[in-house]
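**Q** fold the stuff below for me.
(chains A and B)
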Amino acid sequence: MSERIREKLNILADAAKYDVSCSSSGGTRKNDNKGLGDSHASGICHTYTEDGRCVSLLKILLTNHCIYDCAFCVSRKSNDIKRAAFTVDEVVSLTINFYRRNFIEGLFLSSGIFKNADFTMERLLNVVKKLRLEERFNGYIHLKTIPGASEELIREAGLYADRMSINLEMPTESGLKLLAPEKSHEDVKRPLGFVQNQIIQFNDEKKLIKSTPKFVPAGQSTQMVIGATPETDKDIMHTADAFYKNFALKRVYYSGYIPISNDNRLPLIGTQPPLIRENRLYQTDWLMRFYGFHVNELLNDANPHLDVDIDPKLSWALRNLQFFPIDINLAAYKMILRVPGIGVGSAKKIIQARKFGKLRADQLKKIGVAYNRAKYFIKCADTTYQIKDYQGTQIKSFILAESQSKYLKNDVQQLILF
Amino acid sequence: MQISMIYLIDGSLESLLCAVFEWFERKPGKILLQLENHYQPDAFTEVFYVHKDNKKADRVWAGLQKKLDKSWMRRFYCTFLSESAQAYSSLFEFSCYIFSSPPGAGANYGNAHVLAVAQTARKVEREKHRMEAFIRFQHSADGIFYCCIDPDFNVLPLIMNHFKNRYADQQWIIYDLKRHYGLYYDLEKAEEVNLNPDEEKNLQKTTGGLHADQENLYATLWKDYFKSTNIAARKNTKLHVQHVPKRYWKYLTEKTGI
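**A** Below is the predicted model:
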């Protein structure tokens, strides 16, 4: 018995690991029924895998049997791998027992499509229903919406899940058609739109009737695979931006493609996953969501790719030196936020602290500003007058010379002539 | 400025607050705050033993509440829980600064003491959050879920509500081995418990028998899961250790020997 469950867990956790989302934030469920679990608003990462990714949820597939044959997916029909399927009770018991020992924040349940979309969605629904109603579980549940499932099933699932998600898989329609001819972005947009409308409806009702149940309180997310198809960073981020805007998504995840197939449409097995690129895309995503940047400022026809050697904020600043240097003691919050080396936390502290007197460089350092990076872009109380104007390329080489990028193993400094 | 006096406190919150009271009462100029048990007599500086007086402490606390908002009061308390002499000193200077300034002075991050309290509080909050993440319960034969910890800071008071709300339907014990006290939740309320050294030792031993099989199964399943969910092609040990510092590995079921 225990050997079989171990084997199943190994197979179905292994198949689910390419879904990068593990966030457990935004859950609002309170333990008011003396049951088990209470959501933590900011989420908790209970451990981290050896690849440095957070483990917050028990992330598993219900089954890895699948009727589809998407080239990028490890569970594709034509792939010769071990298959397994959990029963509803097995998933429930694993979740509860892991949760009671404080291993996890909740469950992330996805599934291969067996038989058809409705059949699969119904099984997923059974699991969450049992957890919520029979086990009185108030932990976090992230559920995959199965594209093509009936709206009744999706609506019911939304009453029990905290977050729902559907993966876009490839950043553009043409990329998706190349690797998964049976799928399309339209199939993703329809259910995303449906859930979003339901969220709005439930929220409106909640304003009138307090007892309206929660509906997907932590919102929706999606994921794109990076580097499997030849899209530019601009294509990727413009798609992400459109989905943030049109479907009010909480997150878009970018997953560097890990070669798992000998298909000649895809990168060869053994190719390094595009980790730097993935990192730069996340930085861009953050700049869009928290730093007030418009996607066009960061990626446009003139700059369709992100710099690999410097982060997108620095790269934007170097292209737009006409805005700098700014005076830390006078500039608006949104400009301070755009200075390389100053994050949201430091920017807020600066705004508060400067009311009490002009800030000096040493105070900025203590507040947490990366001063060696920021100094080319700011003036503070004790900045001496600079006669020399540096070029963007010079600033870049200064910063690169004193920073040690984890990505540049053999740091080669290009000499500058002028 | 010349240090005119040394104030000695016993390390309790009350004595720290009383030190603030006594400073405003006597105005001795620049003082040095030290812990009684760390104090090394020196021939040149006058010493003042701060006597604990709950009334005075309450007055200072109430005064701080008038000047500071809730989040600052929490930062104050968190910084106190860091249990370091340096933090006590920062809190003392911080309080003096707050009382001598108009309301809102908490926002002055340019002030060294304000920043020190904010930053220490953040360290303590981080440790609190780590405990919420890294505590691993074991289910004992008598039905209680238990876990022993030795956190860097005294965070038990901060994590009590989190665990009480979360595990409302199971009995649990979280025991701080470093500070020799713990929290026990009996399905009704959570309260502090003190165990004698023998009981402490028993708590750390795993139970045998049928029950242990069940515990081992879940520990094994969790370790299996931890391995299966890792993507070997993305291995990044530096990041892994940064997120899960080695000193916490002893708590973690998934990091202990297979």
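**Q** quick one: contacts for B:K164?
**A** Contact analysis of B:K164 by CB atoms under 8 Å, 6 or more residues apart in numbering or on different chains lists B:185, B:190. For the C-beta atoms, the positions are set from N, CA and C on the backbone; glycine is no exception.
**Q** hang on, it is in a helix, isn't it?
**A** Yes: assessed by DSSP: H, G, I helix; E, B strand; the rest coil, B:K164 belongs to a helix.
**Q** now it: how far from A:N197?
**A** 38 Å (CB to CB, to the nearest Å).
**Q** could you do A:V216 as well?
**A** 11 Å.
**Q** between these two, which one's more packed in?
**A** A:V216 (25 against 11; other CB atoms under 10 Å in any protein chain shown).
**Q** I'd guessed that one sits against A:Q196; true?
**A** No: counting by CB atoms under 8 Å, A:V216 stays clear of A:Q196, with 9.0 Å between them.
**Q** got a list of contacts for the lengthiest helix in chain B?
**A** Among the segments of chain B that qualify as a helix by DSSP state H, the longest is helix B:112-134. Applying CB under 8 Å, 6+ apart, the external contacts of helix B:112-134 come out as A:40, A:44-47, A:366-367, B:74-76, B:78-79, B:81-82, B:84, B:87, B:90-91, B:93-94, B:97, B:105-106, B:108-109, B:149, B:151-153, B:155, B:158-159, B:162-163, B:244, B:248, B:251-252.
**Q** which of these fall within strands?
**A** A:47, B:149 (DSSP state E).
**Q** now the contacts of helix B:112-134: which count as buried?
**A** Taking 16 or more other CB atoms under 10 Å in any protein chain shown as the criterion, what is buried in the contacts of helix B:112-134 is A:40, A:44-47, A:366-367, B:75-76, B:78-79, B:81-82, B:87, B:90-91, B:93-94, B:97, B:105-106, B:108-109, B:149, B:151-153, B:155, B:158-159, B:162-163, B:244, B:248, B:251-252.
**Q** confirm A:T222 sits in a helix?
**A** No: the assignment for A:T222, made by three-state DSSP, is strand rather than a helix.
**Q** that one: how many residues sit nearby?
**A** By the criterion of other CB under 10 Å, A:T222 has 22 neighbours.
**Q** gap between the spatially closest residue to it that is not a sequence neighbour and A:K183?
**A** Residue nearest to A:T222 in three dimensions, not counting chain neighbours: A:L168, with 5.1 Å by CB to CB, 6 or more residues apart in numbering or on different chains. Noted for A:L168: a distance of 10 Å to A:K183, by CB to CB.
**Q** same question, A:K59
**A** 22 Å.
**Q** and what of A:C380?
**A** Using CB to CB, one obtains 53 Å as the distance from A:C380 to A:K183.
**Q** repeat for B:K70
**A** For B:K70, the distance to A:K183 - CB to CB - is 50 Å.
**Q** comparing the two, which residue is more hemmed in?
**A** A:K183 (20 against 8).
**Q** measure the closest residue to the more buried one other than its chain neighbours to chain B for me?
**A** In this structure, A:K183 finds its nearest non-sequential neighbour in A:L176, 5.9 Å apart by CB to CB, 6+ apart. The gap separating A:L176 from chain B is 22 Å, by CB to the nearest CB, to the nearest Å.
**Q** quick check: A:L176 touching A:E186?
**A** No: if you go by CB under 8 Å, A:L176 and A:E186 don't touch, sitting 10.3 Å apart.
**Q** so for the two, which sits in the more crowded spot?
**A** The neighbour comparison of A:L176 against A:E186 (other CB under 10 Å) goes to A:L176, with 24 against 9.
**Q** what distance do you get for the more buried one to A:I399?
**A** Distance from A:L176 to A:I399, by CB to CB: 38 Å.
**Q** you'd agree the residue nearest to A:K183 is in a strand?
**A** No: according to three-state DSSP, A:L176 belongs to no strand; its state is helix.
**Q** from the contact counts, what lies against the helix or strand containing A:D204?
**A** Assigned by DSSP states H and E, A:D204 belongs to helix A:185-208. Here helix A:185-208 touches helix A:151-160, strand A:220-226, helix A:233-247, going by 3 or more CB pairs under 8 Å, 6 or more residues apart in numbering or on different chains; DSSP states H and E.
**Q** other residues contacting that helix?
**A** Here helix A:185-208 has contacts from A:145, A:147-149, A:151, A:154-155, A:158, A:164, A:166-168, A:173, A:176, A:212-216, A:219-220, A:222, A:243, A:246-249, using CB under 8 Å, 6+ apart.
**Q** may I see the buried residues of that helix?
**A** Going by 16+ other CB under 10 Å, helix A:185-208 has these buried residues: A:185, A:188-189, A:191-192, A:195-196, A:198-199, A:202.
**Q** can you mark which positions in stretch B:214-221 are buried?
**A** Going by 16+ other CB under 10 Å, stretch B:214-221 has these buried residues: B:215, B:218-221.
**Q** any residue of it touching chain A?
**A** Yes: counting by CB under 8 Å from any CB of the partner chain, chain A is contacted by stretch B:214-221 at B:217-218, B:220-221.
**Q** please save the CA atoms from that stretch in PDB.
**A** The C-alpha trace of stretch B:214-221 is given here as PDB (Å, rounded to 0.1, in the frame of the first residue of the first chain):
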ATOM      1  CA  GLN B 214       2.500   6.200  10.200                       C
ATOM      2  CA  GLU B 215       4.800   9.100  11.100                       C
ATOM      3  CA  ASN B 216       7.600   7.600   9.100                       C
ATOM      4  CA  LEU B 217       5.300   7.100   6.100                       C
ATOM      5  CA  TYR B 218       4.400  10.700   5.900                       C
ATOM      6  CA  ALA B 219       8.000  11.800   6.500                       C
ATOM      7  CA  THR B 220       9.100   9.500   3.700                       C
ATOM      8  CA  LEU B 221       6.300  10.800   1.400                       C
END
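**Q** give me the contacts around that stretch.
**A** With contact meaning CB under 8 Å, 6+ apart, stretch B:214-221 is reached by A:2, A:5-6, A:9, A:94, A:97-98, A:101, B:138-139, B:206-207, B:253.
**Q** residues touching the residue in the stretch 101-250 of chain A positioned nearest to chain B, list them.
**A** Residue of the stretch 101-250 of chain A nearest chain B, by CB to the nearest CB: A:R101 (4.6 Å). Listed by CB under 8 Å, 6+ apart, the contact set of A:R101 reads B:136-139, B:145, B:218, B:222, B:253.
**Q** and the residue of the stretch 51-200 of chain A found nearest chain B, how close does it get to B:N236?
**A** Nearest to chain B, among the residues of the stretch 51-200 of chain A, is A:G52, at 3.0 Å (CB to the nearest CB). For A:G52, the distance to B:N236 (CB to CB) stands at 4 Å.
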